[in-house]
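Visitor: I'll drop the sequence and a predicted model, then ask my questions.
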Amino acid sequence: MGPRQASSVRALIESSSTSSSGLSTSLGMGSSSAPSRRRRSPFCAGRVNRLATRFAAKEAVAKVLGTGFRGLGWQEVEVLTSPHGEPHVVLHDRARKRADHLGMRSIGVSLTHTTVAAEAFVVALCTGPAAEQSIREETDHG
């Protein structure tokens, strides 16, 4: 499973009625030096392109879970950055339960951006029977 999600940086700026640091906190994005999603993180402050890539990553993770954001909250999918700069995903609450149900053992994420667009690519390693059934249902159009 591996959806790719693109976000328009301009659309994110225009749709945000809060500062980028406030928006990054409310969407559950931060750095791994402050892993609590309840703490305010300056990681994306003033860098909308970084915020947009994390937004795209959250959308891609929601899609790989097979739900989109129906039934999930934004803060249930957290996109963190290690001290070495690589992004990773932490799931909470219903997102974690869904991943466990699908047998997800690992989620990899790659982020990129330009001045006008942000993209995220997510790959999940699923080993459970529920994931196999989900794939069969999605590909059986007969």
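Guide: The structure has been received and is ready for your questions.
Visitor: Run through the chain and note the low-pLDDT ranges.
Guide: The model of the chain has pLDDT under 70 over residues 1-46, 134-142.
Visitor: which residues in it form strands?
Guide: 4-8, 77-81, 87-91, 104-113, 117-126 (DSSP state E).
Visitor: Identify, by residue count, the longest helix of this structure.
Guide: Longest helix in the chain, counting residues (DSSP state H): helix 48-64.
Visitor: when you compare where that helix runs with where strand 117-126 runs, what's the angle?
Guide: For helix 48-64 against strand 117-126, the angle by axes from the mean of the first three to the mean of the last three Cα atoms, to 10 degrees is 30 degrees.
Visitor: Buried residues in helix 48-64, which are they?
Guide: 48-64 (16 or more other Cβ atoms under 10 Å). Using the backbone N, CA and C atoms, a C-beta is placed for each residue, glycine as well.
Visitor: How about stretch 66-75?
Guide: If you call a residue buried by 16+ other Cβ under 10 Å, then stretch 66-75 has these buried ones: 66, 69, 72, 74-75.
Visitor: tell me which of those residues is nearest to Glu132?
Guide: Within the buried residues of stretch 66-75, distances to Glu132 taken as Cβ to Cβ reach their minimum at Gly66, with 12.6 Å.
Visitor: What distance do you get for that closest one to Ala130?
Guide: According to Cβ to Cβ, to the nearest Å, Gly66 and Ala130 sit 9 Å apart.
Visitor: got any residues that touch both of those two?
Guide: Here Gly66 and Ala130 share the contacting residues Leu102, scored by Cβ atoms under 8 Å, 6 or more residues apart in numbering.
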